[in-house]
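any chance you could fold what I've pasted below:
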Amino acid sequence: MKFSKITTAVLSGCLALSILVTPAAYAAEETQASSETDIIQEVMDYLEAYNITGADRSALIRAAVDGMVNSLDDPYSQYFDSEESAEFLEQVDLEYVGIGIKLQYTGTELYIEEVMPGSPAEEAGLKRGDTILKINGLAIEDTDGDELVGKAGTKVKLQILRNGVTKSYTITRRDITTASVTGSIIGPKVALITISGFSASSDEEFTDVLKRMRGAGMKSMVLDLRDNGGGYMDSAYNIASQFIDNGIMMYTADQSEVLTPVVISGGSKINVPVVVLTNEYTASASEALTGALRDNKLATIVGTRSFGKARIQSLLPMSNGGTLKLTTERYLTPNKEDFNHIGLSPDIEVQGKTAQLITALKIAGMTSIEASGDNHILNINGTPLAGNVGLIKKGTSIYASSRVLAALVEGEVSWDAKNKKVVITKSSGGTVGFTLASKEALSQNYETYIRVDAFKKKFPSVSFSYNASQNQLKLSVK
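Alright, predicted model coming up:
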């Protein structure tokens, strides 16, 4: 089975889009047929008249159009008929049919990372952390997840495992629209704002969330752009203008190759420290925003290298109701960095979803952090978030993710293969090791874990407690 890293009940994966909507005035106009188009017509006529198996004219036209677009060797240019165009725009605006869950696949199990408020899944009683065993009667290893996809009004049957108990749920799919911007105050006036995609309304949503965060006393911000595959560049520009009062967001160039600055004037100063979270699925419009905040020296970037798509598509309306999504511009950051196929490197590289978040929160000024959960779920200072603490129980020993533990003490984790040892490099420069032989550490599924009591002995600032009845680990540092 091959599940995408994140499946939203189940839609999309990485959009990898920056979109400009081209006015209808640019729609294709009728032109006098040239000798080249005459040849196309001739071939179609011969195929219809003489092909031994017959030929469908509409299918021929579609094949010709797809062939022309595919000849560009551009993965981002695509032709949509009217129905496909509507579905595409719904996807960009985070509208889909489903049950309202986000899934995480580890390679050995599939579990629910998030249940959306007010969704069919929540109403049915599904909970984050539930492990999915079967979909419509098929074991996870026998499916690629297509069984989760269906039309509104149809049902999907899930068998799940929760706290050692197997349960079955039958849930009816329906149309779902998700908010593209969410925000909450975590800890002492640190705002965590997540932009999951740049829909047509994302800039307005961001304005509302930012106003609410300021009203709650925001003193710093973590802006989470991980898994944000892009969307409308206009929305990204309007959001950037709430950080930048006057400056350059990016440079663009069309066929002429002339670089043109995209200038923000009359914007707003954010006036608080900002940390941006990125990963390998941060793409396109979200990379444009990341580059703008980085190059204007308004943010520290934490996480992993971004996707690497510095190209903009225009949506060109067709006379038949279809849409041509065509790459029309490339863009560079304000410092004129062309990161296409390369990605933007973070200022501070951190692997692992939870470790990235903890690192960002500490840079944003949070000195006291409590991370709790298990190998599926995460709470930071009581707020439920995507991620986990990497809990593993071996007999009476309790282990946690080495990355999470290292992030709590502002250290860096590495693996000493020769000595089979997990090494934590302290911020002061010293190192501490935990060996597999001593059972202070273990390696599993290409990840390393450290026994929490052994970690506390070497890092006394970290406290922990384990609730056996709920199989929940709590880690805290002050």
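
list the beta-bridge partners for Lys474.
Following DSSP bridges, Lys474 is listed with bridge partners Ser372, Ser465.

so it sits against Ser465, correct?
Yes: with contact defined as C-beta atoms under 8 Å, Lys474 counts as touching Ser465 (4.9 Å). Any C-beta I mention is one placed from the backbone N, CA and C, and that applies to glycine too.

looking at the two, which is more packed in?
Set Lys474 next to Ser465 and count neighbours by other C-beta atoms under 10 Å: Lys474 wins out with 15 against 12.

give the contact list for the more buried one.
Glu370, Ala371, Ser372, Phe464, Ser465, Tyr466, Asn467 (C-beta atoms under 8 Å, 6 or more residues apart in numbering).

distance of Thr431 from Gly411?
Look at Thr431 and Gly411: by C-beta to C-beta, to the nearest Å, they are 9 Å apart.

have a look at these two and say which one is more surrounded.
Taking other C-beta under 10 Å, Thr431 and Gly411 do not tie; Gly411 has more neighbours (21 against 13).

alpha carbons only: can I get the helix or strand containing Ala360 in CSV?
Applying DSSP states H and E as the criterion places Ala360 in helix 353-363. As requested, the backbone C-alpha atoms of helix 353-363 are provided in CSV (Å, rounded to 0.1, in the frame of the first residue of the first chain):
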residue,chain,number,x,y,z
LYS,A,353,7.2,17.4,12.8
THR,A,354,7.1,17.7,16.6
ALA,A,355,10.8,18.7,16.9
GLN,A,356,10.3,21.4,14.3
LEU,A,357,7.3,22.9,16.2
ILE,A,358,9.1,22.8,19.6
THR,A,359,12.2,24.4,18.1
ALA,A,360,10.1,27.2,16.5
LEU,A,361,8.2,27.8,19.7
LYS,A,362,11.4,28.1,21.7
ILE,A,363,12.8,30.6,19.2
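
partner strands of the longest strand along the chain and their direction?
Across the chain, the longest stretch assigned as strand under DSSP state E is strand 323-332. Strand 323-332 sits in its sheet next to strand 78-80 (antiparallel), strand 247-253 (antiparallel), strand 311-317 (antiparallel), going by DSSP bridges.

would CSV of those with mean pLDDT and distance to Arg162 be doable?
Below are those laid out as CSV (pLDDT from 0 to 100; distance: least, C-beta to C-beta, whole Å):
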stretch, mean pLDDT, distance to Arg162
strand 78-80, 95, 41
strand 247-253, 96, 46
strand 311-317, 93, 43
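
so how far is the helix holding Ala360 from its chain's centroid?
With C-alpha atoms, centre = their mean, to the nearest Å as the basis, helix 353-363 stands 16 Å off its chain's centre.

can you check stretch 276-283 too?
7 Å.

contacts for that stretch next, please.
Taking C-beta under 8 Å, 6+ apart as the rule, stretch 276-283 contacts 5-6, 14-17, 222-230, 286-287, 290, 293-294, 299-309, 343-344, 346, 353, 356-357, 360.

mind listing the strands for the stretch 151-300 of the chain?
Shown for the stretch 151-300 of the chain, the strands assigned by DSSP state E, counting those that start in this stretch span residues 155-162, 165-172, 174-177, 181-186, 190-195, 220-224, 230-232, 247-253, 260-264, 274-278, 300-303.

how about the stretch 301-450 of the chain?
Using DSSP E, counting those that start in this stretch, strands in the stretch 301-450 of the chain cover 311-317, 323-332, 348-349, 369-373, 378-380, 383-385, 392-394, 397-401, 412-416, 421-425, 431-435, 441-444, 447-451.

could you dump the ones you listed into a markdown table and include distance to Tyr281?
Formatted as a markdown table, the strands of the stretch 301-450 of the chain follow (distance: least, C-beta to C-beta, whole Å):
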| stretch | distance to Tyr281 |
| --- | --- |
| strand 311-317 | 16 |
| strand 323-332 | 19 |
| strand 348-349 | 16 |
| strand 369-373 | 22 |
| strand 378-380 | 18 |
| strand 383-385 | 17 |
| strand 392-394 | 26 |
| strand 397-401 | 20 |
| strand 412-416 | 22 |
| strand 421-425 | 27 |
| strand 431-435 | 31 |
| strand 441-444 | 24 |
| strand 447-451 | 19 |
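
for those strands, which one sits closest to Gly197?
When the strands of the stretch 301-450 of the chain are compared by C-beta to C-beta, strand 311-317 sits nearest Gly197, at 14.9 Å.

now could you export just the CA positions of the closest one as PDB?
Taking Å, rounded to 0.1, in the frame of the first residue of the first chain, the C-alpha atoms of strand 311-317 are listed here in PDB:
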ATOM      1  CA  ARG A 311       6.900  29.000 -11.400                       C
ATOM      2  CA  ILE A 312       3.500  30.700 -11.700                       C
ATOM      3  CA  GLN A 313       0.500  29.400 -13.700                       C
ATOM      4  CA  SER A 314      -2.200  31.500 -15.200                       C
ATOM      5  CA  LEU A 315      -5.800  30.200 -15.600                       C
ATOM      6  CA  LEU A 316      -6.800  30.900 -19.200                       C
ATOM      7  CA  PRO A 317     -10.500  30.400 -19.900                       C
END
